[in-house]
Every structure is written in C-alpha cells, then in structure tokens.
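Trainee: my questions concern the predicted model and sequence given below.
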Amino acid sequence: MPVTVVDASALAAVTFTEPEGPAIEARLANASLVAPGLIWFEMANVCLTKIRRQPDEEGRLLERFEDALQLAIDIRPVDYLAVVALEKQTGLSIYDASYLWLSRELGAELVTLDTQLIEAEKGAS
C-alpha cells in the first residue's frame, strides 16, 4: 500500500463533503495515510470556522469531525529545524512546510488543495 501524506485542506474537503471531496477521496483510497501532528489542530480550526459560519449545522459538523478523528492516519514527527529551513527556501507557512518536509522525507505523494503547497511540491520534483 503506498504511503501518502495528506494535509488538512484535503482531509477537510473529504470530511466536510466539499465539492473537491470525491476527487480527493479517490486519491486517498488504498493508501497508507500519514501526516504531521498539527493536522488535528488544523482540522479542529476548520470545524470551528464552519460552525461559526453555519451555526445551525454544528451537530452535523462536529459529527463529521469526530468521524475524521477515527481515520487511520499515522501521525509522524517532523524535524523542526529542517521545516524552518524549508519554509525559508519555499516561502510556505511553517504548517505547510511541515507537510512538504514529511512528503520529501518519506518519498511519498502529498495530497493537498493548497495551491502554494502544490507549486512548492512541483518545484521540488
């Protein structure tokens, strides 16, 4: 099973049934998912933002987030100094640089909807 690094933008699209969700879900199928630990903080923030925008949907959104927390995502540590160096090299946020660093470290595909992260990944190829 191939190892795939998933970021919060991609996981949120699947979790909260966004239009891009089905395409992302297909890319994640049959993969062993990994991410840095910050993914759950980012996902909690996405959930809270959605609740603030759609307060009537709070129960459904929390349920979807709870379901996501049950996914088999292997949380991996990152080399923080290397992430800082990668951020300086790419101009990405530290958060995004963490996903890119992990994908490089593992030689794994990175699944994201973040255009800056996609461009940085292409530049690394």
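Mentor: Done, it's in.

Trainee: so where do the strands sit in this protein?
Mentor: Using DSSP state E, the strands found in the chain span residues 3-6, 32-36, 73-76, 109-111.

Trainee: between the ones you listed, which one is nearest to residue 95?
Mentor: In this view, the strands of the chain are compared for proximity to residue 95 by C-beta to C-beta, and strand 32-36 is the closest at 8.4 Å. Any C-beta I mention is one placed from the backbone N, CA and C, and that applies to glycine too.

Trainee: look up the closest residue to residue 5, ignoring the ones flanking it.
Mentor: Residue nearest to residue 5 in three dimensions, not counting chain neighbours: residue 103, with 4.2 Å by C-beta to C-beta, 6 or more residues apart in numbering.

Trainee: measure the one you found to residue 88 for me?
Mentor: 18 Å (C-beta to C-beta, to the nearest Å).

Trainee: ok, these two, which is more surrounded?
Mentor: Residue environment comparison for residue 103 versus residue 88 gives the larger neighbour count to residue 103, 24 against 10, counting by other C-beta atoms under 10 Å.

Trainee: low pLDDT regions in this protein?
Mentor: Segments of the chain classed as low confidence (criterion: pLDDT under 70) are 124-125.

Trainee: so which residues of it form helices?
Mentor: Remark: helices of the chain, listed N- to C-terminal, are 8-15, 21-28, 38-53, 58-69, 80-90, 94-106, 115-124; assignment by DSSP state H.

Trainee: reformat these into JSON lines and put distance to residue 1 next to each item.
Mentor: Putting those into JSON lines (distance: least, C-beta to C-beta, whole Å) gives the following:
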{"stretch": "helix 8-15", "distance to residue 1": "18"}
{"stretch": "helix 21-28", "distance to residue 1": "11"}
{"stretch": "helix 38-53", "distance to residue 1": "19"}
{"stretch": "helix 58-69", "distance to residue 1": "20"}
{"stretch": "helix 80-90", "distance to residue 1": "26"}
{"stretch": "helix 94-106", "distance to residue 1": "13"}
{"stretch": "helix 115-124", "distance to residue 1": "21"}
